[in-house]
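Trainee: sequence first, then the predicted structure, then my questions.
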Amino acid sequence: MKNLKVNLVSILLLTIAFTSCGDNEPIAITPPLDAVLENLNNGIMEGTLSEDYTLDPSIQYRLSGSFIIDESGTLNIPGGTTILADAGGTEVYIAVLQGGLININGNAGSPVLMSSTNGAPGDWGGLTLCGKASTTAGIGATAEVGGFVYGGSDNNDSSGIIRYLQIVGTGAQINPESQYNGISFYSVGSGTLVDNVAVINGSDDGVEFFGGTVAVSNMYLENNDDDSIDWTEGWSGSVTNAYISHTIPGFSTVFEGDKDNANPTFTNITAISSVGGTGLQFKKESGGTITGLHLVGYDVDLDLKDSGALSNVQIDGATADATLYSGETNKYKLNSGKNAAPLEISKWSWITPSF
């Protein structure tokens, strides 16, 4: 008899819970909010996003760990949004996986900022995009960042939009031989729009392209410790309008091209150093086509590190006009082709150069 009473009470409670008081219609029960979305609503970025979400520019977001946008996810970032990364090294970064999208829609008056609190080199891991375009590493290659998969056969693939973005203080060290870049483009396709991007105070590369076909325009790179623009694995995209500044000694190069030569193109490149260093470096058989180069203040203009063919480097429509420095076998002085009019950085109102 006792068990029967208990069961009758249970049935009555369930009936009350699932019916309304007046019209006998079921009461809607809201499922618990996903932890990633709940964190985002509270201004915290961590975990994996598998749906569409738009950040609120009135909130200052805290990147407290890895934030990953998977193949089902889209992250929209309006102009004026600030994301501050905890100084947590390799565990703190933003990554977009194959099929995922990031839409950064800043503007000249309200750029998007991604930085550590202090903006010091090496504080955090920066932004990584993994696409489905071609790479000499093959289809389904593995990135050094997070072990993510990249590479395919869709050279028109899109990972989203990046407009008016400032990234500060990246370059966390993965191991003694590898660090995060400001932005890593892994097989990113030409359907991705990248325009008006600044990478400042990185302890590794400003940007690096691992294969892919993506084009970038209007890029500002200041005091990145390794290479300002680095590429490998047959990247065949382009850079139009880049201003590169070096005021801290000990960096690596302005350009570093490596491995296969897919002949990426560079138009209107201004690079200025007050501390010497190397301008353009090409490894293995790498090369590129450059038009409108302004190169000032570097100890070495051109370094064909592995004695590649000078003809791999085309400047203003011809093989680079260069002469070996005295006593050198692969380091050249450019006799011409490096004195184009510099970009007028004062017109880029959305950044504040340190010089």
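Mentor: Yes, it's here.
Trainee: going forward, measure contacts and count neighbours with C-alpha atoms only.
Mentor: Will do.
Trainee: now do the contacts for residue 308.
Mentor: 282-286 (C-alpha atoms under 8 Å, 6 or more residues apart in numbering).
Trainee: 7 Å - rerun?
Mentor: Going by C-alpha atoms under 7 Å, 6 or more residues apart in numbering, residue 308 touches 284-285.
Trainee: you'd agree it is in a strand?
Mentor: No: counting by DSSP: H, G, I helix; E, B strand; the rest coil, residue 308 falls outside a strand, being coil.
Trainee: per-residue pLDDT of it, please?
Mentor: Looking at residue 308, its pLDDT reads 94.
Trainee: if I look at it, how far off is residue 253?
Mentor: 17 Å (C-alpha to C-alpha, to the nearest Å).
Trainee: flag the shaky bits of this protein, pLDDT-wise.
Mentor: Flagging of the chain using pLDDT under 70 yields the residue ranges 1-32, 87, 355.
Trainee: so where do the helices sit in it?
Mentor: Secondary structure of the chain, counting by DSSP state H: helices at 2-17, 35-41.
Trainee: show me what the shortest one is packed against.
Mentor: Spelled out, it's helix 35-41. Packing contacts for helix 35-41, counted by 3 or more C-alpha pairs under 7 Å, 6 or more residues apart in numbering; DSSP states H and E, involve strand 44-49.
Trainee: partner strands of the strand it packs on and their direction?
Mentor: Sheet pairing of strand 44-49 (DSSP bridges) gives strand 60-69 (parallel).
Trainee: send the alpha carbons of the strand it pairs with over as CSV?
Mentor: Extracted in CSV, the C-alpha atoms of strand 60-69 (Å, rounded to 0.1, in the frame of the first residue of the first chain):
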residue,chain,number,x,y,z
GLN,A,60,35.5,43.2,-22.8
TYR,A,61,36.0,39.5,-23.4
ARG,A,62,38.5,37.4,-21.5
LEU,A,63,40.3,34.6,-23.4
SER,A,64,41.0,32.2,-20.6
GLY,A,65,42.1,29.2,-22.6
SER,A,66,41.9,27.8,-26.1
PHE,A,67,38.8,29.0,-28.0
ILE,A,68,38.1,26.8,-31.1
ILE,A,69,35.5,27.3,-33.8
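Trainee: off-centre distance for that strand?
Mentor: Here the centre of strand 60-69 is set off from its chain's centre by 15 Å, with C-alpha atoms, centre = their mean, to the nearest Å.
Trainee: for stretch 175-192, same thing?
Mentor: 6 Å.
Trainee: stretch 345-355 now?
Mentor: 20 Å.
Trainee: which residues does that stretch contact?
Mentor: Against stretch 345-355 from outside (C-alpha under 7 Å, 6+ apart): 108-109, 111.
Trainee: in it, what counts as buried?
Mentor: Buried residues in stretch 345-355, counted by 16 or more other C-alpha atoms under 10 Å: 350-351.
Trainee: can you show me the CA trace of it as PDB?
Mentor: Provided in PDB are the C-alpha atoms of stretch 345-355 (Å, rounded to 0.1, in the frame of the first residue of the first chain):
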ATOM      1  CA  ILE A 345      51.400  55.100 -42.900                       C
ATOM      2  CA  SER A 346      50.000  58.400 -41.600                       C
ATOM      3  CA  LYS A 347      46.900  57.700 -43.600                       C
ATOM      4  CA  TRP A 348      46.300  54.400 -41.700                       C
ATOM      5  CA  SER A 349      44.300  56.100 -39.000                       C
ATOM      6  CA  TRP A 350      43.300  52.800 -37.300                       C
ATOM      7  CA  ILE A 351      46.800  52.100 -36.000                       C
ATOM      8  CA  THR A 352      49.300  54.000 -33.800                       C
ATOM      9  CA  PRO A 353      52.900  53.300 -34.800                       C
ATOM     10  CA  SER A 354      55.500  53.400 -32.000                       C
ATOM     11  CA  PHE A 355      58.000  55.400 -34.100                       C
END
